[in-house]
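Peer 1: Mind looking at a prediction? Sequence and model below.
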Amino acid sequence: MGADIKQLRNRIKSVDSTLHLTKAMGLVASSKIRRATEAMNKGRQYADAIGDTVSYLSTCPECRKSPYMAQRDGSRLRLVVIAGDRGLAGGYNANIFRLLREYEGAEIIPIGKRACDRFAGELRYAEGFAYKSAKAIADELCADFVADKFDKLGIVCTKYHSIMSQEAYVKWVLPLEKGSSDKTSVPIFEPDELSVLSAVIPEYVAGIIMACVKESFAGEVAARRVAMDSAGKNATEMIDRLGLQYNRARQGAITQEITEIVAGSGL
């Protein structure tokens, strides 16, 4: 009986220590959510703005000659994979890697420590990811696409719906699809549409990468907050259950001692 009481006491201490850890991690995640969502919204605005320009340019007949609009067979894929820097975020990282199974054989460019560890790539953290890094990746990708080194470029990332809902998906970037334009005024591009499109595509790809990283990081922080809240709730329930077992075991031990004392005094 004494061994059971000691074991329960140690387990309660262990779970209580875990509870303090989950609370701390939940508070850290909560403090990051506002900044992460603000950065995500700014990234979306930039990507949408430059995306509108590229979409309009893709409707110009002259731009159909661009190598960025060349439709190929799509067998050679290159994917930018954005995962988290840490674990303990529910299914956040697992969902990314599960989706990636559908694209076996694709060339991978990882962003986020978990992705870099998995694919042995250059270490790039998702938190604090800089535009300079996004531009360097975009320049290389655009040069390789023009050189016909791959057929299709996609970004495996996480779409942020709400603090409770994030979804892993693939955003296809290259080749460009012909857009639709309902602009009432026709902009004038100098020196010409094709030259402007060729110059803006690396910026466009960098902007999308940057926006996807910011959105994915917001999803990671939100997923960790939800996971830590759930873990904390489970730990609290476990402590209550173990506490009840401990009190019963302790009461049983005291009752046994009293019984033995009473029995001994009658001898």
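Peer 2: Received, thanks. Residues are numbered from 1 along each chain as shown.
Peer 1: Give me the contacts around stretch 10-27.
Peer 2: Stretch 10-27 is contacted from outside by 88, 224-225, 228-229, 231-232, 235-236, 238-239, 242-243, 246, using C-beta atoms under 8 Å, 6 or more residues apart in numbering. C-beta: built from backbone N, CA, C; applies to glycine.
Peer 1: Looking at those, which are in helices?
Peer 2: Those of the contacts of stretch 10-27 mapping onto helices are 224-225, 228-229, 231-232, 235-236, 238-239, 242-243, 246, per DSSP state H.
Peer 1: So among those, which ones count as buried?
Peer 2: The neighbour-count criterion (16 or more other C-beta atoms under 10 Å) marks 224, 225, 228, 231, 232, 235, 238, 239, 242, 246 among these as buried.
Peer 1: export those residues to JSON lines and tack on distance to residue 31?
Peer 2: As requested, these are exported to JSON lines (distance: C-beta to C-beta, whole Å):
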{"residue": "224", "distance to residue 31": "12"}
{"residue": "225", "distance to residue 31": "10"}
{"residue": "228", "distance to residue 31": "12"}
{"residue": "231", "distance to residue 31": "18"}
{"residue": "232", "distance to residue 31": "16"}
{"residue": "235", "distance to residue 31": "21"}
{"residue": "238", "distance to residue 31": "26"}
{"residue": "239", "distance to residue 31": "25"}
{"residue": "242", "distance to residue 31": "31"}
{"residue": "246", "distance to residue 31": "35"}
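Peer 1: I'd like those residues as a markdown table, with pLDDT appended.
Peer 2: Output for those, formatted as a markdown table (pLDDT from 0 to 100):
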| residue | pLDDT |
| --- | --- |
| 224 | 86 |
| 225 | 84 |
| 228 | 81 |
| 231 | 78 |
| 232 | 79 |
| 235 | 77 |
| 238 | 80 |
| 239 | 75 |
| 242 | 78 |
| 246 | 73 |
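Peer 1: Closest to residue 206 out of the residues you listed?
Peer 2: residue 224 (27.0 Å; C-beta to C-beta).
Peer 1: mind checking how far the closest one is from residue 88?
Peer 2: 6 Å (C-beta to C-beta, to the nearest Å).
Peer 1: Could you list the low-pLDDT ranges of the stretch 1-150 of the chain?
Peer 2: 1-3 (pLDDT under 70).
Peer 1: where exactly do the helices run in it?
Peer 2: Counting by DSSP state H, counting those that start in this stretch, the stretch 1-150 of the chain has helices at residues 2-57, 92-100, 113-119, 131-146.
Peer 1: ok so, going back, quick one: which of the buried ones among the ones in helices among the contacts of stretch 10-27 is nearest to residue 165?
Peer 2: Nearest to residue 165 among these is residue 225, at 12.7 Å by C-beta to C-beta.
Peer 1: Quick check: that closest one touching residue 28?
Peer 2: No - with contact defined as C-beta atoms under 8 Å, residue 225 does not reach residue 28; the gap is 9.0 Å.
Peer 1: quick one: secondary structure of residue 173?
Peer 2: strand (DSSP: H, G, I helix; E, B strand; the rest coil).
Peer 1: Find the residue closest to it in space, skipping its chain neighbours.
Peer 2: With sequence-adjacent residues excluded and distances taken as C-beta to C-beta, 6 or more residues apart in numbering, residue 173 is closest to residue 153, at 4.7 Å.
Peer 1: go on, residue 40?
Peer 2: residue 218 (4.3 Å).
Peer 1: what about that neighbour, distance to residue 47?
Peer 2: Going from residue 218 to residue 47 by C-beta to C-beta gives 14 Å.
Peer 1: out of the two, which sits in the busier spot?
Peer 2: Regarding residue 218 and residue 47, a neighbour count based on other C-beta atoms under 10 Å identifies residue 218 as having more, with 25 against 21.
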